[in-house]
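>>> Return a 3D structure for these sequence lines:
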Amino acid sequence: QVQLVESGGGLVQTGDSLRLSCAASGRAFSNFAMGWFRQAPGKEREFVASLSTTDGTIYADSVKERFTISRDNTKNTWYLRMNSLEPEDTAIYYCASGRFWRASVNRDDYAYWGQGTQVTVSS
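Residues are numbered from 1 along each chain as shown. Next up, the predicted model:
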């Protein structure tokens, strides 16, 4: 059974940093791209970042230069380092495991999803 579990969310202030983690089991995750998405209240789930199996990355324009996606295949865990957080970053953050090796911004290119972790940034 494939399982993804996010952790590391919380309540922070503007300018603070957080590192989200996604612990995965039940699949050879190193063979697939992985990604992070987020959903703010009243909005659709949106792409944040993606990492291919060859370490290629894609970032949403709103998080470029502030967020960094990475993975540790030995631990079946991937991360989202978030710096200079802004109130607009407030959302539930979801990790996802891809259907393919390549990074993607499309939700349909991801086969498995975690339950999400809340990130709240106060002004």
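>>> For beta bridges, what are the partners of Gly10?
When bridges are called by DSSP bridges, Gly10 pairs up with Val119.
>>> Tell me who's in contact with the nearest residue to Gln118 once chain neighbours are set aside.
Residue nearest to Gln118 in three dimensions, not counting chain neighbours: Gly9, with 4.8 Å by C-beta to C-beta, 6 or more residues apart in numbering. In this view, the C-beta of every residue, glycine as well, is placed from N, C-alpha and C. Under the criterion of C-beta atoms under 8 Å, 6 or more residues apart in numbering, the contact partners of Gly9 comprise 18, 20, 93, 117-119.
>>> Adding neighbour count, distance to Arg81 and pLDDT, write those out as CSV.
Supplementary listing: those in CSV, determined by neighbours: other C-beta atoms under 10 Å; distance: C-beta to C-beta, whole Å; pLDDT from 0 to 100:
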residue, neighbour count, distance to Arg81, pLDDT
Leu18, 20, 8, 98
Leu20, 25, 8, 98
Tyr93, 23, 12, 98
Thr117, 22, 14, 98
Gln118, 12, 17, 98
Val119, 22, 12, 98
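>>> could you redo the residues you listed as CSV and give each row distance to Val2?
CSV is the format used below for the contacts of Gly9 (distance: C-beta to C-beta, whole Å):
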residue, distance to Val2
Leu18, 25
Leu20, 19
Tyr93, 19
Thr117, 18
Gln118, 23
Val119, 24
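>>> which non-adjacent residue is nearest the residue nearest to the spatial centre of the chain?
A centroid search over the chain (C-alpha atoms, centre = their mean) returns Trp36, at 2.3 Å, as the residue closest to the centre. If the residues on either side of it in the chain are set aside, Trp36 comes closest to Val48, at 4.3 Å by C-beta to C-beta, 6+ apart.
>>> Quickly find the element holding the one you found.
strand 46-51 (DSSP states H and E).
>>> And stretch 18-36, what's buried?
For stretch 18-36, the neighbour count (16 or more other C-beta atoms under 10 Å) marks 18, 20-22, 24, 27, 29, 32-36 as buried.
>>> Great, nothing more from me.
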